[in-house]
Structure formats: C-alpha cells, structure tokens
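In: Dropping the sequence and predicted coords here.
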Amino acid sequence: QVQLVESGGGLVQAGGSLRLSCAVSGPTFSIYDMDWLRQAPGKEREFVARINWSTGYTRYSDSVKGRFTISRDNAKNTVSLQMNGLKPEDTAVYYCALYDSLGRYTKWGQGTQVTVSS
C-alpha cells in the first residue's frame, strides 16, 4: 500500500520561498496523479497543484499559478512543490494526495504546516 509523507513546511516572511516534498513509499505502478492541496484555518481544503505520475503533465489553481511549481522525481519517488512569492494567504496545512483516474482521492499524507508572516 502506498504511503505519503510530507516535509518542508515552516515559517517564512511574505515574498519568501519554501519547497515541500512528498515521499512516496510502496508500489507506485498504480499512481495516476499526485496532488497538493491545502487547508487554512476555518476554510475548506482546496486544490493547489497536480502532476501526472507518468507524463508529468501539470495543473495549478489560479491562486498559485505562476508562483508555485509542482515536479516529480520518479527515480526517488518524490513529488515536490516549490513555492515562491509566498503571501500571508498561502498560510495553511499542505497535503499531498493520490488522485485516481476516476477522480477520487485515495490516499493522503499527514500534512505539513506553512505559515507566511506579513
């Protein structure tokens, strides 16, 4: 069974950068897409970015497009989220998750906190 473990969160000033990583363990042959999502206090969890495990095709939410970059390293079984130009409204717990071809989230990591100070 696939397990996901996020790392790389922390506290950063507005305008700064952070790089999140999601380590994938277990059988990866069945992975379709990998997503990053986030949940701010008092808000619903929202989609941030997606990458197809095989093709590398990416997709972003409008709120992060041009600032965040999702990438994968199939040899190391990791998916990363490079976050530049961070804003206080990016403050949230960030999760990586498996997204299957039927549009379902099938596995979640434990989350990593990102806090952006103004």
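Out: Here it is on my side, so go on. Residues are numbered from 1 along each chain as shown.

In: Let's check: the centremost residue of the protein is which one?
Out: The residue lying closest to the centre of the chain (CA atoms, centre = their mean) is residue 36, at 2.6 Å.

In: How about the contacts made by it?
Out: 20, 22, 48-50, 68, 70, 79, 81, 94-97 (CB atoms under 8 Å, 6 or more residues apart in numbering). Any C-beta I mention is one placed from the backbone N, CA and C, and that applies to glycine too.

In: For the residues you listed, which single residue is the most surrounded?
Out: Counting neighbours by other CB atoms under 10 Å, residue 96 leads the contacts of residue 36 with 29 neighbours.

In: Helix or strand for that one, just tell me which one.
Out: strand 92-99 (DSSP states H and E).

In: Tell me the helices and strands packed up against that strand.
Out: strand 3-7, strand 18-25, strand 33-39, strand 105-108, strand 112-117 (3 or more CB pairs under 8 Å, 6 or more residues apart in numbering; DSSP states H and E).

In: Reformat these as CSV; add distance to residue 90 and mean pLDDT.
Out: Putting these into CSV (distance: least, CB to CB, whole Å; pLDDT from 0 to 100) gives the following:
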stretch, distance to residue 90, mean pLDDT
strand 3-7, 15, 95
strand 18-25, 9, 96
strand 33-39, 8, 97
strand 105-108, 20, 96
strand 112-117, 5, 98
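
In: Save the ones you listed as JSON lines, and put in distance to residue 61 too.
Out: Shown next, in JSON lines, are the helices and strands packed on strand 92-99 (distance: least, CB to CB, whole Å):
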{"stretch": "strand 3-7", "distance to residue 61": "18"}
{"stretch": "strand 18-25", "distance to residue 61": "15"}
{"stretch": "strand 33-39", "distance to residue 61": "9"}
{"stretch": "strand 105-108", "distance to residue 61": "16"}
{"stretch": "strand 112-117", "distance to residue 61": "15"}
